[in-house]
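**Student:** generate a structure from the sequence data that follows.
(2 chains)
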There are 2 protein chains.
Amino acid sequence: VEPGAAQVLVGSHLDTQPNGGRFDGAYGVLAGLEIVRTLDDRGIRTRRPLTIVSWSNEEGARFPLATTGSSVFSGQLSLEDALAQRAVDGPTFGAELARLRAAGGEEVGARPVCCYLEVHIEQGPLLEASGSAIGIVTRSQGLHAVEVVLTGSALHAGTTPMELRRDALVGAARIVELVSELGRAAGGLGTVGHLLVEPNSRSVIPGSVRLVVDLRHPDVAALDTMAARARDGIEAIARDARLEVELDTLLRVDPVAFDEEGNRVLAEAAARLDLASLELVSGAVHDAVKLAPVVPATLTFVPCRGGVSHNPGEYASPEHVRAGCDVLLQAALARAEVVP
Amino acid sequence: VEPGAAQVLVGSHLDTQPNGGRFDGAYGVLAGLEIVRTLDDRGIRTRRPLTIVSWSNEEGARFPLATTGSSVFSGQLSLEDALAQRAVDGPTFGAELARLRAAGGEEVGARPVCCYLEVHIEQGPLLEASGSAIGIVTRSQGLHAVEVVLTGSALHAGTTPMELRRDALVGAARIVELVSELGRAAGGLGTVGHLLVEPNSRSVIPGSVRLVVDLRHPDVAALDTMAARARDGIEAIARDARLEVELDTLLRVDPVAFDEEGNRVLAEAAARLDLASLELVSGAVHDAVKLAPVVPATLTFVPCRGGVSHNPGEYASPEHVRAGCDVLLQAALARAEVVP
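**Tutor:** Numbers count the residues shown, from 1 in each chain, chains lettered A, B, ... in the order given. A predicted model of the protein is given here:
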């Protein structure tokens, strides 16, 4: 390795969704490990250092700020905000890093970076349907996630006349339907995946509901329109149901383009290995999406059965897992430059 | 006390709602204690024994079968089913009774009962609005509570096209709105107070939702119509959203009439004490509702501020709390028969 040479980063994340699968994230980190081991086994040396990365809190499941590690690394989230975020079960991210002895001392940005390579299961059905082993991601769709807190009055469900109620769940129900309709109408995606009712007892009218609206679209203008319509619609629903409402943007990721030169290298590697490849748009946010604005980044997909992900039924075949590693190894060698 | 004489039961319940108030239930048990203490202080003896009762699990908050104690006592719930019910946090009712050393050995029905007297805050706005200190409950509305479990597919919210989704929360949202409309249209009450989403993560389409539909009406035929319309509507919503659905009746309480002779005694006592009284229909289920089919039972209300209940803001003034105790003491003395 040449002193001071910019690094080739290979990785993904190890955290997962509640009741998620075994491949989402872990595959890309293990692929980095497999590449480094293969180089060691063969005695191959490179001019640039090859670094395996496991980004923290990609999923945003326990801590709200998804892609925490890659967002801080790429300058899109301050270290202070990252450390201060609170887990759904209470402690801050900073406190948990300290408790697990996972808080490193190195300054963000201390090492020069040449490029970032990530391989991941597709989490969608297109590769399987096309029979291609390799997906080369050209762009990723944008994401706009908003937390909504509705507040009404928690009163007795057996004694409060319908016309006097301020039922936060009735307002929330309308928002769930609105978000689904917005996704459909815009040709994008609209989901309410997280919703909590307080006090959540059968005989008490819901006094407050906290939910998260998740909007996605590959086109930035269409995403902005969806977000504006969601905001207006939510405010109108709250007024109509006589509820107080608070809106808080949790996450905003603009659509990004991946490195064209990097994608050419991936396509050539797939062709050399006799693997069919397909260009794709990524529906999900990945660490590579956060890296792309600041370093040349590529995102490679392999097929997963039935497109199923965020579910214990998630599965990718050994030959597809291997194909992804093989292509990534070739790209890593090209970027890191083999020392003869 | 005359040996073998049937008992005068005075009481209510000590359990409460999550984030509930201080008066709902506890007031009626403490009123019983205050009556017994007053008799002791004055050296008054009665022919019939006066027994203070605290019925277990009236609210159905931690354990699903509301009015557990009074339902078993009145023969409307088997002891086996009561003991086997599971808390939201896991253990059975039987196991918790044993752990708390609260499982008595006396057989249900071992003691003959003369009558049951309960005083409770109104949990509604009518007494306050009318300026009456005492509410005499003539009837209670019926209640039909159904647990609904909707099952769809928990897939990635960023990659699953809208038209391929089976989103359990979109179905649940329509049910919440349907239940609210049914309550309004029937001149009754319809509430979804309890709703849980699985896996409940922002970027995962809800794979299942568990909710409870609570329907109430003072007329038994109107209640049956509401329940039938709810069932048909829920099944249609599930079909339309391609969700599996399970329906399970949690609780069914028919409208009941309270003891007319007992109510006459209460009205006379209020008049003697110079307290304005009002006849009411009870919207909520109370232990007295479960007792009424098997023993002469009365239910007395006192005003609570703003009709607020199941909420920490629940409040009844000292003079109203006292007025309820005074009237109940008179009724208890009339029933228990003072020994001169």
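
**Student:** can you pull the phi/psi pair for the spatially most central residue of chain A?
**Tutor:** The centroid of chain A falls nearest to A:V285 when counting by CA atoms, centre = their mean (3.4 Å). Main-chain dihedrals, A:V285, degrees, to the nearest 10: phi -80, psi 140.

**Student:** is it true that A:G131 touches A:A276?
**Tutor:** Yes - the pair A:G131 and A:A276 passes the contact test of CB atoms under 8 Å, sitting 6.4 Å apart. All C-beta spots, glycine's among them, are computed from the backbone N, C-alpha and C.

**Student:** more neighbours, these two?
**Tutor:** Set A:G131 next to A:A276 and count neighbours by other CB atoms under 10 Å in any protein chain shown: A:A276 wins out with 13 against 9.

**Student:** which bits of the stretch 1-150 of chain A sit near chain B?
**Tutor:** A:17-20, A:59-61, A:66, A:122-124, A:141, A:143, A:145 (CB under 8 Å from any CB of the partner chain).

**Student:** now for the residue nearest to the centre of chain A: which residues touch it?
**Tutor:** A:V285 makes contact with A:A66, A:T67, A:S140, A:L143, A:L251, A:V253, B:G158, according to CB atoms under 8 Å, 6 or more residues apart in numbering or on different chains.

**Student:** which one is the fifth one nearest to, not counting chain neighbours?
**Tutor:** Nearest non-adjacent residue to A:L251, counting by CB to CB, 6 or more residues apart in numbering or on different chains: A:A145, 4.1 Å away.

**Student:** quick one: the helices in chain A?
**Tutor:** Here chain A has its helices, by DSSP state H, at A:26-42, A:68-73, A:79-84, A:93-99, A:126-130, A:168-186, A:220-240, A:260-272, A:287-291, A:318-336.

**Student:** turn the ones you listed into a markdown table, columns for mean neighbour count.
**Tutor:** Shown next, in a markdown table, are these (neighbours: other CB atoms under 10 Å in any protein chain shown):
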| stretch | mean neighbour count |
| --- | --- |
| helix A:26-42 | 18 |
| helix A:68-73 | 24 |
| helix A:79-84 | 14 |
| helix A:93-99 | 16 |
| helix A:126-130 | 16 |
| helix A:168-186 | 23 |
| helix A:220-240 | 17 |
| helix A:260-272 | 17 |
| helix A:287-291 | 29 |
| helix A:318-336 | 21 |
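
**Student:** the closest residue to A:A323 other than its chain neighbours - how many residues pack around it?
**Tutor:** With CB to CB, 6+ apart as the criterion, A:A323 has its nearest non-adjacent residue at 4.3 Å, and that residue is A:A133. Applying other CB under 10 Å, we find 24 residues neighbouring A:A133.

**Student:** ok now do A:G313, which residues does it touch?
**Tutor:** A:G21, A:R305, A:G306 are the contacts of A:G313 under CB under 8 Å, 6+ apart.

**Student:** next up, the contacts around the first one.
**Tutor:** Read that as A:G21. A:V308, A:S309, A:H310, A:N311, A:P312, A:G313, A:E314, A:Y315.

**Student:** isn't the third one right next to B:S201, touching?
**Tutor:** Yes - with contact defined as CB under 8 Å, A:H310 and B:S201 form a contacting pair (7.5 Å).

**Student:** what do the two both touch?
**Tutor:** Common neighbours of A:H310 and B:S201, counting by CB under 8 Å, 6+ apart, are A:Q17.

**Student:** ok, these two, which is more surrounded?
**Tutor:** For A:H310 versus B:S201, neighbours defined as other CB under 10 Å are more numerous around A:H310 (31 against 25).

**Student:** ok, that one to A:V148 distance?
**Tutor:** To A:V148, A:H310 is 22 Å away according to CB to CB, to the nearest Å.

**Student:** can you map out the strands along the stretch 51-200 of chain A?
**Tutor:** Using DSSP state E, counting those that start in this stretch, the strands of the stretch 51-200 of chain A run over A:113-121, A:134-140, A:142-151, A:189-198.

**Student:** most tightly surrounded among those strands?
**Tutor:** Sort the strands of the stretch 51-200 of chain A by mean neighbour count, taking mean count of other CB atoms under 10 Å in any protein chain shown, and strand A:113-121 sits at the top with a mean of 27.

**Student:** describe which strands that strand pairs with in its sheet and in which direction.
**Tutor:** Strand A:113-121 sits in its sheet next to strand A:7-13 (parallel), strand A:297-302 (parallel), going by DSSP bridges.

**Student:** I'd like the ones you listed as JSON lines, with mean pLDDT, mean neighbour count and distance to A:A323 appended.
**Tutor:** Output for the strands paired with strand A:113-121, formatted as JSON lines (pLDDT from 0 to 100; neighbours: other CB atoms under 10 Å in any protein chain shown; distance: least, CB to CB, whole Å):
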{"stretch": "strand A:7-13", "mean pLDDT": "97", "mean neighbour count": "25", "distance to A:A323": "16"}
{"stretch": "strand A:297-302", "mean pLDDT": "98", "mean neighbour count": "29", "distance to A:A323": "6"}
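
**Student:** A:R272: which of those strands is closest?
**Tutor:** strand A:297-302 (14.7 Å; CB to CB).

**Student:** for the closest one, output the C-alpha coordinates as CSV.
**Tutor:** Presented in CSV, the C-alpha positions along strand A:297-302 are these (Å, rounded to 0.1, in the frame of the first residue of the first chain):
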residue,chain,number,x,y,z
ALA,A,297,-20.0,5.7,-5.3
THR,A,298,-21.5,2.6,-6.9
LEU,A,299,-24.3,0.4,-5.7
THR,A,300,-24.6,-3.2,-7.0
PHE,A,301,-27.7,-5.3,-6.5
VAL,A,302,-28.2,-9.1,-6.5
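
**Student:** quick one: contacts of it?
**Tutor:** A:27, A:115-122, A:127, A:133-137, A:140, A:258-259, A:262-263, A:265-266, A:280, A:282, A:286, A:288-289, A:291, A:316, A:320-321, A:323-324, A:327-328, A:331.

**Student:** and with 6 Å instead?
**Tutor:** With CB atoms under 6 Å, 6 or more residues apart in numbering or on different chains as the contact definition, strand A:297-302 has outside contacts at A:116-119, A:121-122, A:135, A:137, A:258-259, A:262-263, A:266, A:286, A:288, A:291, A:316, A:320, A:324.

**Student:** now that strand against strand A:134-140, angle please.
**Tutor:** Angle of strand A:297-302 versus strand A:134-140, following axes from the mean of the first three to the mean of the last three CA atoms, to 10 degrees, is 140 degrees.

**Student:** state the pLDDT value of A:L79.
**Tutor:** Turning to A:L79, the model gives it a pLDDT of 95.

**Student:** contacting residues around it?
**Tutor:** A:V72 are the contacts of A:L79 under CB under 6 Å, 6+ apart.

**Student:** so how far is A:G94 from A:L77?
**Tutor:** 13 Å.

**Student:** of the residues of the stretch 1-150 of chain A next to chain B, grab the buried ones for ChimeraX.
**Tutor:** Buried members of the residues of the stretch 1-150 of chain A next to chain B can be picked out in ChimeraX with the line below, counting by 16 or more other CB atoms under 10 Å in any protein chain shown:
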select /A:17,19,20,59,60,61,66,122,123,124,141,143,145
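
**Student:** export the residues of the stretch 1-150 of chain A next to chain B to JSON lines and append columns for distance to B:I35.
**Tutor:** What follows is the residues of the stretch 1-150 of chain A next to chain B, written out as JSON lines (distance: CB to CB, whole Å):
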{"residue": "A:Q17", "distance to B:I35": "57"}
{"residue": "A:P18", "distance to B:I35": "52"}
{"residue": "A:N19", "distance to B:I35": "54"}
{"residue": "A:G20", "distance to B:I35": "59"}
{"residue": "A:E59", "distance to B:I35": "59"}
{"residue": "A:G60", "distance to B:I35": "57"}
{"residue": "A:A61", "distance to B:I35": "55"}
{"residue": "A:A66", "distance to B:I35": "60"}
{"residue": "A:E122", "distance to B:I35": "72"}
{"residue": "A:Q123", "distance to B:I35": "67"}
{"residue": "A:G124", "distance to B:I35": "69"}
{"residue": "A:Q141", "distance to B:I35": "69"}
{"residue": "A:L143", "distance to B:I35": "64"}
{"residue": "A:A145", "distance to B:I35": "58"}
